[in-house]
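Asker: A structural model of the following input is requested.
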Amino acid sequence: MNPIFRSATLAALLGLAAPALAKGPKELTYTVSMDPATNSNAFQVKLELPKLKKDQAIYQFAATAPGTYQVMDMGRFVSNFQAFDEKGKPLEVKQLNTNQYQLSQPDKTREIRYTIAETWDTPVKEHNIYRMCGSSLEIDHALLNGQTLLGYPQGMQAAPLRLKLQYPSGWKAGSVLQADKDGYYHLQDYDHAVDSPILLGRLTEANTKLGNADVALYCYSATDKVQAEPLLGYMQKMLTAAQSFFGGQLPVQRYAFLYHFADRSAGAWEHSYSSEYVLPEQPLTPESAQGVVDIAAHEFFHVMTPLNIHSEVIEQFNFVQPTGSEHLWLYEGTTEWASHMMQLRGGLVPLDDYLSTLHDKVQYDRTRTDTTYSLSRLGLNSFSDEGQRQYGNIYQRGALTAGLLDLRLLELSGGKRGLRDVLLQLAKQYGPNKPFSEKTFFEDFTKLTYPEIGDFFKRYVQNAEPLPLAEYYAKVGVNYQPIVHTGKQVATVGAIGLAPREANVYFTRVTGPVAAAGVQVGDQLVAVDGVRNDFTGLRRAGSRAPGSELPLTISRSGQEQTVRVKLGSTEEVKRYVFTQNPTATAAQLALREAWLKNL
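Answerer: Next up, the predicted model:
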């Protein structure tokens, strides 16, 4: 996921203090207080204001935030909103709608105070906020995102601000931001505040250097199973591969990873100079670390796009009215492709593992989404309920499409120029402060490359023609087969469908042995063969002997029960299979070499 915004000034990034002001602060000055020992559900916010104009009478809370592609309506979490004059006298305020309050006397208002609840544990009727994009307050830590705490007077989204946090002594603050000697974080504007998450509490910290960039990792682990230093050690090869992918130097001077490990899993949210992760806590092993590294590779690549490559929809983000961008395929799909490709090219994963990743993405696209729903349409509708139902495919078909674009560019250039090279060129052409045109980007990209690329965009991004996987991967000596009949008999539980709902998984289709065992549509799947919350056991059932039994624990009407599924027999059929062609031609192998070493 990915908020991207204008680049901050060096002074803002380094947390340098602003010069003393003779007539009160020109900056919006926020103080956020938290005391989890007495109130673990809410934050207290105070805003000291310069003199407002009459047309700045509306105080705005965020309806959404860049990169979340979801409705947030942060005003739902606000209570006890008050305004005061310079003598501390209360002034009348009126709530206009969910996210807006009207100040009766803006020219006399010098201070605003309100309480805002944390989003993790505050129930709402709809539009639950992704945990990594929300706020949490617990006895030993807190997770803060700017839009979950702060609003702004209408017309002052671009005003500079400073932020002080008041939290329990002994807590460590983790952020790309660095406070001045008085404890203030200085931010270029409201967008910068939203772009700068902060993790507080009982944290461990590790640091490294990548070329010209300082990289920090802050880690909260509920039972101390994960520590910052060894986690950063597992990430080091990926970071080095990313550095090579970027051409040797990172496009940032400082970057921070913020990790929250506990009993809740939600994913990750990228920002211009940092990223935050809410992941399940488990002992750190090479296997478990690889999953963390894969996610981090995606989020870290966002320093390329959309930080350095984005349209005016992202540059001038509308916090009041959510607005989708047609180029979500670039921000998320291309980033997902790059996160895996840079590890392949950096030698972190073998080619067969990369081809297995392609299989997983094709399977998701073909079985879990509307294949007629184009990537352009998905981007434009990403904030709607309709778009949200297709949203996960931006990481699947979006990445597959970027991979095909890379192959097409390499083919047209004789192996000399792939998607990576074009992205580096675009980053130099635009950068953090110069957006590309939302309307003409496809044309501009085509002019920068080859006429054939315009046709590619029309067919596979703007429209939803079936992706030419077999044709394109054959160019690098890789075979793609939609279906392979092996002739081998394997065990089966039957044809089933599973769908997540909140934190649980439910059956949406049951046929064959699983139905014969008594499982019904609507049952919750609790455990497979006694292992709770590890449903990969269903996929592994094919490795058992036909006729053997597989215990499933289900929950129906709140009551758990165990059923024993007698496995049936069926022909092994493999789908969406990518394999290296053992008889690849010299030309195919030459292009494969260029494809694998395009650094």
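Asker: next, the contact list for residue 95, please.
Answerer: Shown in contact with residue 95 (CB atoms under 8 Å, 6 or more residues apart in numbering): 75, 81, 101-102. C-beta coordinates here come from the backbone N, C-alpha and C atoms, glycine included.
Asker: could you rerun that using 10 Å?
Answerer: With contact set as CB atoms under 10 Å, 6 or more residues apart in numbering, residue 95 has these partners: 59, 75, 78, 81, 101-102.
Asker: now for those: which two are most distant?
Answerer: Taking CB to CB as the measure, the contacts of residue 95 span a maximum distance of 13.8 Å, between 78 and 102.
Asker: outline the domain layout of the chain.
Answerer: 10-203, 324-477, 485-575 (automatic domain parsing).
Asker: could I get the contacts of residue 95 in a markdown table, plus columns for secondary structure?
Answerer: Converted to a markdown table, the contacts of residue 95 look like this (DSSP: H, G, I helix; E, B strand; the rest coil):
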| residue | secondary structure |
| --- | --- |
| 59 | strand |
| 75 | helix |
| 78 | strand |
| 81 | strand |
| 101 | strand |
| 102 | strand |
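Asker: phi, psi for residue 145 please.
Answerer: Phi and psi for residue 145, reported as degrees, to the nearest 10, are phi -120, psi 140.
Asker: tell me which element residue 243 falls in.
Answerer: helix 228-245 (DSSP states H and E).
Asker: run the angle between the helix or strand following that helix and helix 228-245 for me.
Answerer: The first helix or strand that comes after helix 228-245 along the chain, using DSSP H and E, is strand 254-262. Between strand 254-262 and helix 228-245, the angle comes out at 130 degrees (axes from the mean of the first three to the mean of the last three CA atoms, to 10 degrees).
Asker: from the chain's centre, how far out does the helix or strand following strand 254-262 sit?
Answerer: Sequence-wise, the next helix or strand downstream of strand 254-262 (DSSP H and E) is strand 267-270. Here strand 267-270 is found 3 Å from its chain centre; the criterion is CA atoms, centre = their mean, to the nearest Å.
Asker: which helices and strands does the helix holding residue 243 pack with?
Answerer: strand 204-210, strand 213-221, strand 254-262, helix 286-301, helix 335-345, helix 419-429 (3 or more CB pairs under 10 Å, 6 or more residues apart in numbering; DSSP states H and E).
Asker: what residues of the fifth one count as buried?
Answerer: Okay, so that is helix 335-345. 335-345 (16 or more other CB atoms under 10 Å).
Asker: quick one: buried residues of the top strand by length along the chain?
Answerer: For the chain, the strand with the greatest residue count under DSSP state E is strand 478-492. Neighbour-count burial for strand 478-492, counted by 16+ other CB under 10 Å, picks out 478-480, 490-492.
Asker: closest one to residue 54 out of those, please.
Answerer: After measuring these against residue 54 - CB to CB - the closest member comes out as residue 480, at 63.7 Å.
Asker: mind listing what the closest one touches?
Answerer: Per CB under 10 Å, 6+ apart, neighbours of residue 480: 355, 358-359, 362, 467-474, 576-579.
Asker: out of these, grab the one that's most surrounded.
Answerer: Greatest neighbour count in those, by other CB atoms under 10 Å, goes to residue 473: 23 neighbours.
Asker: and the gap between that residue and residue 404?
Answerer: As for residue 473, its distance to residue 404 is 8 Å (criterion: CB to CB, to the nearest Å).
Asker: cool, residue 207 as well?
Answerer: 38 Å.
Asker: compare these two and say which is more crowded by neighbours.
Answerer: Using other CB under 10 Å, the more surrounded residue of residue 207 and residue 404 is residue 404, with 20 against 13.
Asker: you'd agree the more buried one is up against residue 471?
Answerer: Yes. Between residue 404 and residue 471 there is a contact at 9.2 Å, judged by CB atoms under 10 Å.
Asker: send the alpha carbons of stretch 58-70 over as CSV?
Answerer: Backbone C-alpha positions of stretch 58-70 (Å, rounded to 0.1, in the frame of the first residue of the first chain) are rendered in CSV as follows:
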residue,chain,number,x,y,z
ILE,A,58,-13.8,24.8,8.8
TYR,A,59,-11.7,22.3,10.7
GLN,A,60,-11.2,19.3,8.5
PHE,A,61,-10.4,15.7,9.5
ALA,A,62,-9.2,13.2,6.9
ALA,A,63,-11.8,11.3,4.8
THR,A,64,-8.9,9.1,3.5
ALA,A,65,-5.1,9.1,3.2
PRO,A,66,-2.8,8.5,0.2
GLY,A,67,-2.0,4.9,-0.5
THR,A,68,-4.8,3.4,1.7
TYR,A,69,-7.4,3.3,-1.1
GLN,A,70,-10.1,3.1,1.5
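Asker: start the count at 42, not 1, going forward
Answerer: Done: numbering now begins at 42, and the last item shifts to stretch 99-111.
Asker: all the helices of the stretch 342-491 of the chain, residue numbers only.
Answerer: Using DSSP state H, counting those that start in this stretch, the helices found in the stretch 342-491 of the chain span residues 353-356, 369, 376-386, 392-409, 416-421, 426-431, 438-453, 460-470, 482-489.
Asker: paired strands for the longest strand of the chain, with orientation please.
Answerer: strand 609-621 (antiparallel) (DSSP bridges).
Asker: surely residue 110 touches residue 355?
Answerer: No. With contact defined as CB under 10 Å, residue 110 does not reach residue 355; the gap is 11.7 Å.
Asker: residue ranges with poor pLDDT in this protein?
Answerer: For the chain, the stretches with pLDDT under 70 are 42-66, 640.
Asker: now for the residue sitting furthest away from the middle of it: which residues touch it?
Answerer: For the chain, the residue at maximal distance from the C-alpha centroid (CA atoms, centre = their mean) is residue 128, at 44.5 Å. Residues in contact with residue 128 (CB under 10 Å, 6+ apart) are 149, 151.
Asker: next: the one 4 residues further on.
Answerer: Applying CB under 10 Å, 6+ apart, one finds that residue 132 lies in contact with 123-126, 144-147, 149-153.
Asker: could you check how far it is from residue 142?
Answerer: From residue 132 across to residue 142, the span is 11 Å (CB to CB).
Asker: what's the overlap in contacts for the two?
Answerer: Shared contacts of residue 132 and residue 142, defined by CB under 10 Å, 6+ apart, comprise 123-124, 153.
Asker: neighbour-wise, which of these leads?
Answerer: Going by other CB under 10 Å, residue 124 tops the shared contacts of residue 132 and residue 142 with 25 neighbours.
Asker: wait, a helix at that one?
Answerer: No. Read with three-state DSSP, residue 124 is strand and lies in no helix.
Asker: wait, isn't it in contact with residue 147?
Answerer: Yes. With contact defined as CB under 10 Å, residue 124 counts as touching residue 147 (8.8 Å).
Asker: overlap in contacts of these two?
Answerer: Residues touching both residue 124 and residue 147 (CB under 10 Å, 6+ apart): 90, 100, 132.
Asker: isn't residue 513 up against residue 450?
Answerer: No. With contact defined as CB under 10 Å, residue 513 does not reach residue 450; the gap is 11.1 Å.
Asker: before we move on, back to that, between helix 438-453 and the longest strand of the chain, find me the angle.
Answerer: Relative orientation of strand 519-533 versus helix 438-453 (the same axes, to 10 degrees): 150 degrees.
Asker: check which helices and strands the following helix or strand past strand 519-533 is in contact with.
Answerer: Sequence-wise, the next helix or strand downstream of strand 519-533 (DSSP H and E) is strand 537-542. Packed against strand 537-542 by the contact rule (3+ CB pairs under 10 Å, 6+ apart) you find helix 392-409, strand 545-551, helix 554-557, strand 565-569.
Asker: most neighbours per residue, which of the ones you listed?
Answerer: helix 554-557 (a mean of 21; mean count of other CB atoms under 10 Å).
Asker: run the chain-centre distance for that one.
Answerer: 38 Å.
Asker: check stretch 97-117 too.
Answerer: The answer for stretch 97-117 is 18 Å, by CA atoms, centre = their mean.
Asker: okay, buried residues for that stretch please.
Answerer: 97-111, 113-117.
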